[in-house]
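**Student:** Predicted model follows, preceded by the sequence.
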Amino acid sequence: MERQKVAYTTSSMTKEQFFYGYKELAHMHDSHILLESGRGGALCMAGIDPLVTLRTLNGDKLQLIWRDGTEEVREGEPLELLSEFVRSFEMESVQGLPDFQGGVAGFISYDYVRNYENIPTDTIDDLDTPDLFFYLFDRWAVLDVKTEKVYFMTLPNRGLVPAELKAEWVAATSEGVKKQVFMPGEAEEVSLDEGSLAVSVTGPQFEQMVRDVQTYISTGDVVQVNLSVRQSKPLTAHPLDMYEALRSFNPSPYMASIGSPEFAVVSGSPELLLKKRGNELSTRPIGGTRPRGKDENEDATLQTDLLSNKKETGEHIMLVDLEREDFERVCAPETVETDEFMVVEKYSHVMHLVSNVRGTAAEGISNAAIVKGVFPGGSITGSPKLRTMEIIEELEPTRRGLYTGSIGWFGYNDDFELNIVIRTAYIKDGIAHIQAGAGLVADSVPEAEYIESLNKAKALWQAKAMAEK
């Protein structure tokens, strides 16, 4: 039986035009997603009004909600069920089209790890975030950032005409550009203090958590643990305006805007968890942080300090080793390598040490098995991974939910790409929740780690303030 191929048409469009078309259309529907390469990436993809919404139900079931309201529940391992559902469309890749030629887009929450690791349940699940949440579209658009060419795609044999989607998007773009609010540039300063934020733990509480971790380190229980603090504040602006503000001054590699009837997501993550193209896998662990300087000279001084700091470089080497160990479990023997090591990447507020690890997927391994082999990323748990997750559960008061999970896509062609969810606002019931953390080691300074955690959320709070003006 011949496999189906997507139907498509094309148009020329800049990344800004593509975004404003998405924003205009997204205002017309509750359910939508944009995955945007804010810096250095090759593709942006967007979908409005999904054909199917897929989400976990009671942990071990996958619920499918079709556009017409039909619902079905499938029992089993949810990530495997999700992969099976995508493969059931039996689509064949079209040569010359972008990497993403349809599939599902959405997120895996940090707490999905409980499906396959025995972690205590001490934290409060106050946000009730789905463990898996994905959309499958019968109409979607993909932008090739370099060529500024948009591919408007539809599922075949469903009476859908790509040219109609193109016409809708072009018209929406014209309207959306007229309403542009934020021009690229500097963000306003905001105050980050406990008096203006509701925090999951106070400064003194976090400092005690750091000391507790250092006790575990001193007894040889762990090497490093990433602990976080959640900051919350009412959002009076539309989440799409907050996302527009964020992308205007902090264009990160893995940006995302997600809308649903229950929640919204505004994300500017810099970190890749896992990318699969064919049988090639790659990840880019981030570990080691400094703020940006006020000018080029201060920037250069901070970069030199970051590269020469034994704590930061030691932590980074540990993370690279951890990711290599994870890859060894899911890759063919002797294929894992570090092809980029400890380079400095700069963002609007911080600079990071970054490396790249790659390998070839083991023969016959499923996408779900690959993801579970490396999820969640070691850079936001610590080492050894399982023990650090137990400590996170002991010391953090609330479930992480989306924070340090993954946003991304699984394609019909069996490729996928997932980020690590940091620098992200999860918006529910009118409250924006932004969580950030720090990698703790034996010589961490408790007060400094708390300040670093607050600073890592600063860009999101600036975007919120800009959107509310």
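**Tutor:** Ah, there it is.
**Student:** what's downstream of the helix or strand where Leu306 lies, the next helix or strand?
**Tutor:** In this structure, Leu306 sits in helix 296-308 according to DSSP states H and E. On the C-terminal side of helix 296-308, the nearest following helix or strand under DSSP H and E is helix 310-330.
**Student:** List the contacts of Leu57.
**Tutor:** Applying Cβ atoms under 8 Å, 6 or more residues apart in numbering, we find Leu57 in contact with Gln63, Val73. Using the backbone N, CA and C atoms, a C-beta is placed for each residue, glycine as well.
**Student:** Compute the distance between it and Ala264, please.
**Tutor:** Distance, Leu57 to Ala264, using Cβ to Cβ, to the nearest Å: 21 Å.
**Student:** Equivalent analysis for Lys458, please.
**Tutor:** 20 Å.
**Student:** what do you get for Gly378?
**Tutor:** 29 Å.
**Student:** Which one's more surrounded, the two?
**Tutor:** Gly378 (27 against 22; other Cβ atoms under 10 Å).
**Student:** how many neighbours does the spatially closest residue to the more buried one that is not a sequence neighbour have?
**Tutor:** Using Cβ to Cβ, 6 or more residues apart in numbering and skipping the chain neighbours, the partner closest in space to Gly378 is Leu322 (3.8 Å). Using other Cβ under 10 Å, Leu322 has 25 other residues around it.
**Student:** what does Glu16 give?
**Tutor:** Glu16: 15 surrounding residues under other Cβ under 10 Å.
**Student:** can you check Val344 too?
**Tutor:** Neighbour tally, Val344, other Cβ under 10 Å: 15.
**Student:** who does it bridge with?
**Tutor:** Under the criterion DSSP bridges, Val344 forms beta bridges with Leu353.
**Student:** Isn't it up against Asp305?
**Tutor:** No. Between Val344 and Asp305 there is no contact under Cβ atoms under 8 Å: 11.0 Å.
**Student:** Lys464: what's it in contact with?
**Tutor:** By Cβ under 8 Å, 6+ apart, the neighbours of Lys464 are Lys233, Leu235, Ala237, Met242, Ala245, Ala425, Ala432.
**Student:** same deal with Met389?
**Tutor:** By Cβ under 8 Å, 6+ apart, the contact set of Met389 is Val113, Glu117, Ile119, Pro376, Thr381.
**Student:** Within the helices and strands, which one has it?
**Tutor:** Applying DSSP H and E as the criterion places Met389 in helix 385-395.
**Student:** after that helix, next one along is what?
**Tutor:** Next in line after helix 385-395, if elements are assigned by DSSP H and E, sits strand 406-411.
**Student:** Give the rounded mean pLDDT of that next one.
**Tutor:** Average pLDDT, strand 406-411: 97.
**Student:** Who are the packing partners of that strand?
**Tutor:** Strand 406-411 is packed against strand 32-36, helix 78-87, strand 103-108, strand 254-259, strand 264-269, strand 272-277, strand 416-419, with contacts defined by 3 or more Cβ pairs under 8 Å, 6 or more residues apart in numbering; DSSP states H and E.
**Student:** do you know which of the ones you listed lies nearest Asn356?
**Tutor:** Between Asn356 and the helices and strands packed on strand 406-411, the shortest gap by Cβ to Cβ is with strand 272-277, which sits at 8.7 Å.
**Student:** Specify the angle between that closest one and helix 310-330 in degrees.
**Tutor:** Per axes from the mean of the first three to the mean of the last three Cα atoms, to 10 degrees, the angle that strand 272-277 makes with helix 310-330 is 40 degrees.
**Student:** Quick check: buried residues in the helix or strand of the chain with the lowest mean pLDDT?
**Tutor:** Here the helix or strand of the chain ranked lowest by mean pLDDT, DSSP states H and E is strand 286-291, holding a mean of 84. By neighbour count on 16 or more other Cβ atoms under 10 Å, the buried set for strand 286-291 is Ile286, Gly287, Gly288, Thr289, Arg290.
**Student:** just stretch 144-151 next, same as before
**Tutor:** Neighbour counts using 16+ other Cβ under 10 Å place Asp144, Val145, Val150, Tyr151 of stretch 144-151 among the buried residues.
**Student:** Report the two of those residues separated the most.
**Tutor:** Val145 and Tyr151 (12.3 Å).
**Student:** got the residue ranges for the strands in the stretch 101-250 of the chain?
**Tutor:** For the stretch 101-250 of the chain, the strands defined by DSSP state E, counting those that start in this stretch cover 103-108, 132-136, 139-144, 149-154, 198-199, 224-234.
**Student:** For those, give me a markdown table that also has mean pLDDT and distance to Phe89.
**Tutor:** Listed next are the strands of the stretch 101-250 of the chain as a markdown table, based on pLDDT from 0 to 100; distance: least, Cβ to Cβ, whole Å:
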| stretch | mean pLDDT | distance to Phe89 |
| --- | --- | --- |
| strand 103-108 | 98 | 8 |
| strand 132-136 | 98 | 8 |
| strand 139-144 | 97 | 13 |
| strand 149-154 | 98 | 12 |
| strand 198-199 | 90 | 44 |
| strand 224-234 | 95 | 37 |
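**Student:** Could you export those as TSV, including distance to Tyr216?
**Tutor:** Converted to TSV, the strands of the stretch 101-250 of the chain look like this (distance: least, Cβ to Cβ, whole Å):
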stretch	distance to Tyr216
strand 103-108	27
strand 132-136	31
strand 139-144	45
strand 149-154	50
strand 198-199	23
strand 224-234	7
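**Student:** for these, which one ends up most surrounded?
**Tutor:** Most buried of these, by mean neighbour count (mean count of other Cβ atoms under 10 Å): strand 103-108, with a mean of 27.
**Student:** got the angle for it vs strand 32-36?
**Tutor:** Using the same axes, to 10 degrees: strand 103-108 against strand 32-36 is 90 degrees.
**Student:** Each with direction, which strands does strand 103-108 pair with?
**Tutor:** strand 132-136 (antiparallel), strand 406-411 (antiparallel).
**Student:** Give me the angle between the longest one and helix 78-87.
**Tutor:** With the same axes, to 10 degrees applied, the angle from strand 406-411 to helix 78-87 works out at 40 degrees.
**Student:** contacts for strand 406-411?
**Tutor:** 35, 45, 82-83, 86, 99-108, 134, 254, 256, 258, 265, 267, 269, 273-274, 367, 371, 375-377, 416-421, 424.
**Student:** from those, which would you call buried?
**Tutor:** For these, a burial check counting by 16+ other Cβ under 10 Å picks out 35, 45, 82-83, 86, 99-108, 134, 254, 256, 258, 265, 267, 269, 273-274, 367, 371, 375-377, 416-421, 424.
**Student:** can you pull the contacts of Ile124?
**Tutor:** Taking Cβ under 8 Å, 6+ apart as the criterion, Ile124 is in contact with Pro397, Thr398, Arg399.
**Student:** Before I go, just wanted to say thanks for your time.
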